[in-house]
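> Pasting the sequence and the predicted model now:
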Amino acid sequence: MSMQRWLYHKRSRRLYGDNVQQSHVALWFYEQLVHAHGTEWIIEVGMGCCASSAYFSTLAFCKGIPYLGIDDFEGDYQPPVYNLDRNLEVVKRMEGRVLKGDEFSAESIAAIKEVGADRPGFVLCDGGDKPKEIMELASLCCPGSVVIGHDWRLTPEKYSWTDDDLTDRSKVDFYEPWHSKSVELATCSAVLRVK
């Protein structure tokens, strides 16, 4: 198997000894974006098995910025495939905050505003309806914040979105050259910036 194929192959996606749903290339790309952009907080919506949450909370801890993760945890992310409890323990040890529930609940919206209302940050939308998450969460963030929509341009997978699905660009626009690089690196992510 070639190195490129290995980097993107689902069976080789392990982080801190656990399976992770994001590719290593995507995680590397997100980290470069966080550092280059001067991010002052990280919010992750749709935490899944929480391996990427362990990664993002560790990154936030090292940068001295807050991390907030939101998920309803209704998926099947338990051992032996995933170690949800261990990953949540990492988030806790890295002083991250986790909310269990819908990202559009009053509690979640208040927490998002508390973390990122007045300074630029980084939002990863990886729940169910990415275009809706992008638009709703962008409206809660200050201008200049970066919003990532994961599972972008995937076919024929169940959760697949394309640039055409983001019809309302009144609050966000594609953030170049980051969006084009994301497509080029096959991170399966749309990169947008709040206007």
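Received it, and whenever you're ready, just let me know what you need. Numbers count the residues shown, from 1 in each chain.
> For the rest of this, base every contact and every neighbour count on C-alpha atoms.
Fine.
> so after the one helix or strand Val147 maps to, what's the next helix or strand?
Per DSSP states H and E: Val147 is located in strand 146-150. Once strand 146-150 ends, the next helix or strand along the chain (criterion: DSSP H and E) is strand 172-174.
> ok, that following strand: who's next to it in the sheet?
In the sheet, strand 172-174 lines up against strand 189-194 (antiparallel) (DSSP bridges).
> what does the partner strand rub up against?
26, 138, 141-153, 163, 171-175, 178-179, 182-183 (C-alpha atoms under 8 Å, 6 or more residues apart in numbering).
> what's the answer for stretch 93-110, then?
Against stretch 93-110 from outside (C-alpha under 8 Å, 6+ apart): 45, 57-58, 61, 66-73, 91, 140.
> rewinding a little: just name whatever secondary elements the strand holding Val147 is in contact with.
If you count contacts as 3 or more C-alpha pairs under 8 Å, 6 or more residues apart in numbering; DSSP states H and E, strand 146-150 packs onto strand 122-125, helix 130-138, strand 189-194.
> Let's have the ones you listed in CSV, adding distance to Glu95, mean neighbour count and mean pLDDT.
Below are those laid out as CSV (distance: least, C-alpha to C-alpha, whole Å; neighbours: other C-alpha atoms under 10 Å; pLDDT from 0 to 100):
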stretch, distance to Glu95, mean neighbour count, mean pLDDT
strand 122-125, 17, 27, 94
helix 130-138, 22, 20, 88
strand 189-194, 26, 26, 90
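> Strands along the chain, start to end?
14-15, 18-19, 42-45, 67-71, 97-100, 122-125, 146-150, 172-174, 189-194 (DSSP state E).
> for the fourth one, the distance to its chain's centre please.
Relative to its parent chain, strand 67-71 has a centroid offset of 9 Å by C-alpha atoms, centre = their mean, to the nearest Å.
> That strand - which strands sit beside it in the sheet, and in what orientation?
strand 42-45 (parallel), strand 97-100 (parallel).
> Could you single out the most deeply buried of the ones you listed?
strand 42-45 (a mean of 26; mean count of other C-alpha atoms under 10 Å).
> Mind listing residues that contact it?
Here strand 42-45 has contacts from 53, 56, 60, 65-71, 103, 112, 121-127, using C-alpha under 8 Å, 6+ apart.
> what about 7 Å?
60, 66-71, 103, 121-127 (C-alpha atoms under 7 Å, 6 or more residues apart in numbering).
> Any idea how far that strand is from the middle of the chain?
With C-alpha atoms, centre = their mean, you get 6 Å for strand 42-45.
> before we move on, what about stretch 56-73?
With C-alpha atoms, centre = their mean, you get 10 Å for stretch 56-73.
> Dump the strands of the chain to a markdown table, plus distance to Asn87.
Listed next are the strands of the chain as a markdown table, based on distance: least, C-alpha to C-alpha, whole Å:
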| stretch | distance to Asn87 |
| --- | --- |
| strand 14-15 | 10 |
| strand 18-19 | 9 |
| strand 42-45 | 14 |
| strand 67-71 | 12 |
| strand 97-100 | 12 |
| strand 122-125 | 17 |
| strand 146-150 | 20 |
| strand 172-174 | 31 |
| strand 189-194 | 23 |
